[in-house]
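In: Have a look at this fold, sequence not included:
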C-alpha cells in the first residue's frame with residue numbers, strides 16, 4: 001500500500017464521480033434519505049463502532065477513554081489537544097505546562113501544524129516533550145506543501161522543531177480546493193514525499209485534513225483510490241451545526257467508517273462560534289462529537305481552565321441516548337441552515353493557505 005504510481009489524471013476526471021457543487025445541503029440529502037432512516041443508520045453505525053472500539057482499546061488512562069486509531073493498531077485518547085491554541089500563550093512555559101498537564105492527565109493525542117503561529121506551536125510542543133514525555137504521546141502534525149520538494153522540507157522542519165526523529169501521523173493540511181487532490185497525487189506531488197518519509201521511518205501514518213466542504217474530502221479519497229493509495233486518517237469538522245449544513249457527518253463519515261480509516265473530529269465548538277448561539281454548552285458540543293464514530297475529538301485548549309473542561313468532558317462521557325441526540329439537533333437546526341456558525345465553510349477567514357499560497361510551494 002506504500003507504493004505509489006502517479007497517473008495522468010485531471011481535476012475534471014476526478015470530479016466526474018463527485019456530487020455537483022460544494023456538497024449537498026440538508027434539503028437535498030433529505031430527498032434521498034429520510035431523517036428517521038438516517039438517524040437509525042447512524043445510530044447503528046455508532047453502536048457497532050463504539051462496541052468494537054471498547055473491545056479493542058484500553059478502557060481508560062487517568063479516567064480518559066481510549067479508542068483505536070482506525071485500523072492502524074494505535075490507540076488514542078478520546079480527546080486531543082489542539083496545536084494552534086498551545087502556541088498563543090504569553091510564555092513558552094505556559095504552553096509547556098498545558099501540554100504536560102494534558103499528558104499527565106491521560107491525554108496522548110497531540111495535534112499540531114507546520115504553519116501554526118509561525119512554527120512556535122511546534123517549537124513549544126517539542127520542548128514540552130522532553131524528559132520522557134515524547135514516549136507518552138501520539139504526535140500529529142500537518143504540512144501545507146503540495147509538491148514533493150516543499151512537503152519533504154516541511155516534514156524535516158517539523159521533525160526539527162518537535163525535537164523528535166519520528167512523527168506518528170503527518171497530514172496534508174487544508175484540503176479545501178479541488179486542485180489540492182490533483183496536485184498532491186500528481187507526478188512530483190506531495191504524496192511522494194510522505195511515502196518516502198514513511199519508508200525512512202520519519203513518520204508512521206499519513207492522513208489529510210480540511211474544513212471547507214465534504215465534496216472536496218470525497219475528491220481526495222477518490223484520488224487516493226484512483227492511485228492505489230490508502231490514507232490512515234482523515235480530519236474534519238464534526239459538531240452540532242455541521243449535521244444540518246454541507247455535512248461532513250452525513251457525507252464523509254460513513255465512507256471513512258466503511259473504509260476503517262481513523263476519524264479525527266475537529267472544531268467541536270466551531271472555533272468557539274457555536275457557543276455564541278446560546279443554545280448549546282461546551283460539554284454538550286464535546287459529547288456530541290465524541291458520540292460519533294470518532295477516534296479522537298481535537299479541541300483547542302489555550303488555558304488550564306479550558307484544558308480541565310476538555311478533561312471533564314472526556315471523563316464524564318457515557319454516550320448519548322437517541323433522545324439526547326435528537327434534542328441537540330432540534331435545538332441547533334434552525335440556526336445552522338445558512339452556515340453562519342461554521343464560517344470556516346462559508347468564508348476564507350480560516351483558510352491559511354489561501355492567505356499564504358507560498359506555503360503550498
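Out: Alright, I've got the coordinates. What you see is a predicted model; the values in this text were computed from it and never measured.
In: Over to the spatially most central residue of the chain. Which of the three states is it?
Out: The centroid of the chain falls nearest to residue 235 when counting by C-alpha atoms, centre = their mean (2.3 Å). Following DSSP: H, G, I helix; E, B strand; the rest coil, we place residue 235 in the strand state.
In: Quick check, it in contact with residue 261.
Out: No. In terms of C-beta atoms under 8 Å, residue 235 does not count as a neighbour of residue 261; the distance is 10.6 Å. Yep, even glycine has a C-beta here, placed from its N, CA and C like the rest.
In: gap between the residue nearest to the centre of the chain and residue 308?
Out: Taking C-beta to C-beta, to the nearest Å as the measure, residue 235 and residue 308 are separated by 24 Å.
In: Where does pLDDT dip in the stretch 1-150 of the chain?
Out: Counting by pLDDT under 70, the stretch 1-150 of the chain shows low-confidence ranges at 1-58.
In: Now do the strands in it.
Out: Listed from the start of the chain, the stretch 1-150 of the chain has strands (DSSP state E, counting those that start in this stretch) covering 60-61, 64-68, 75-77, 79-81, 109-110, 138-143.
In: Strands of the stretch 201-350 of the chain, start to end?
Out: According to DSSP E, counting those that start in this stretch, the stretch 201-350 of the chain carries its strands in the segments 203-209, 233-237, 262-266, 296-299.
In: so which of those comes closest to residue 195?
Out: Using C-beta to C-beta as the criterion, the shortest distance between residue 195 and these is 7.5 Å, found for strand 203-209.
In: chain center to the closest one: distance?
Out: Going by C-alpha atoms, centre = their mean, to the nearest Å, the spacing between the C-alpha centre of strand 203-209 and its chain's C-alpha centre is 11 Å.
In: so what does it touch, helix or strand wise?
Out: Of the remaining helices and strands, those touching strand 203-209 by 3 or more C-beta pairs under 8 Å, 6 or more residues apart in numbering; DSSP states H and E are strand 167-172, helix 190-199, strand 233-237, strand 262-266.
In: Show me what the second one is packed against.
Out: Helices and strands in packing contact with helix 190-199 are listed as helix 148-161, strand 167-172, helix 178-184, strand 203-209; criterion 3+ C-beta pairs under 8 Å, 6+ apart.
In: quick one: that helix to strand 203-209, angle?
Out: Note on geometry: by axes from the mean of the first three to the mean of the last three C-alpha atoms, to 10 degrees, helix 190-199 and strand 203-209 are set 150 degrees apart in direction.
In: where's residue 331 relative to residue 241, distance?
Out: Counting by C-beta to C-beta, the gap from residue 331 to residue 241 is 11 Å.
In: for residue 263, same thing?
Out: Plainly put, residue 263 is 18 Å away from residue 241 if you go by C-beta to C-beta.
In: Residue 150 now?
Out: For residue 150, the distance to residue 241 (C-beta to C-beta) stands at 34 Å.
In: Show me which of those two is the more surrounded one.
Out: Neighbour totals were compared for residue 150 and residue 241, and residue 241 leads with 28 against 18 (other C-beta atoms under 10 Å).
In: Name the nearest residue to that one, sequence neighbours excluded.
Out: Nearest residue to residue 241 in three dimensions, chain neighbours excluded: residue 336, at 4.2 Å (C-beta to C-beta, 6 or more residues apart in numbering).
In: quick one: terminal-to-terminal distance for stretch 104-112?
Out: Taking C-alpha to C-alpha, to the nearest Å, the span from the opening residue of stretch 104-112 to its closing residue is 19 Å.
In: So what touches it?
Out: 60-64, 66, 76-77, 79-83, 99, 102, 121-122, 125, 136-142, 158, 162, 266, 296, 298, 307, 310-311, 314 (C-beta atoms under 8 Å, 6 or more residues apart in numbering).
In: circling back: can you redo the helices and strands packed on helix 190-199 as JSON lines, where the extra columns are distance to residue 70?
Out: Shown next, in JSON lines, are these (distance: least, C-beta to C-beta, whole Å):
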{"stretch": "helix 148-161", "distance to residue 70": "21"}
{"stretch": "strand 167-172", "distance to residue 70": "10"}
{"stretch": "helix 178-184", "distance to residue 70": "20"}
{"stretch": "strand 203-209", "distance to residue 70": "9"}
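In: Single out the most deeply packed of those.
Out: Comparing the helices and strands packed on helix 190-199 by mean neighbour count (mean count of other C-beta atoms under 10 Å), strand 167-172 comes out on top with a mean of 26.
In: Okay, angle between that strand and strand 203-209 too, please.
Out: Going by the same axes, to 10 degrees, strand 167-172 makes 30 degrees with strand 203-209.
In: what's strand 167-172 packed up against?
Out: Based on contacts counted as 3+ C-beta pairs under 8 Å, 6+ apart, the elements that strand 167-172 packs against are strand 138-143, helix 148-161, helix 190-199, strand 203-209, strand 233-237.
In: which residue packs closest to residue 237, ignoring adjacent ones?
Out: residue 267 (4.2 Å).
In: pretty sure the one you found contacts residue 343?
Out: No. Residue 267 sits out of contact with residue 343 when judged by C-beta under 8 Å, with a separation of 10.3 Å.
In: and those two? which has more neighbours close in?
Out: Regarding residue 267 and residue 343, a neighbour count based on other C-beta under 10 Å identifies residue 267 as having more, with 29 against 15.
In: Ramachandran coordinates for the more buried one?
Out: Recorded main-chain torsions at residue 267 are phi 50, psi 50, according to degrees, to the nearest 10.
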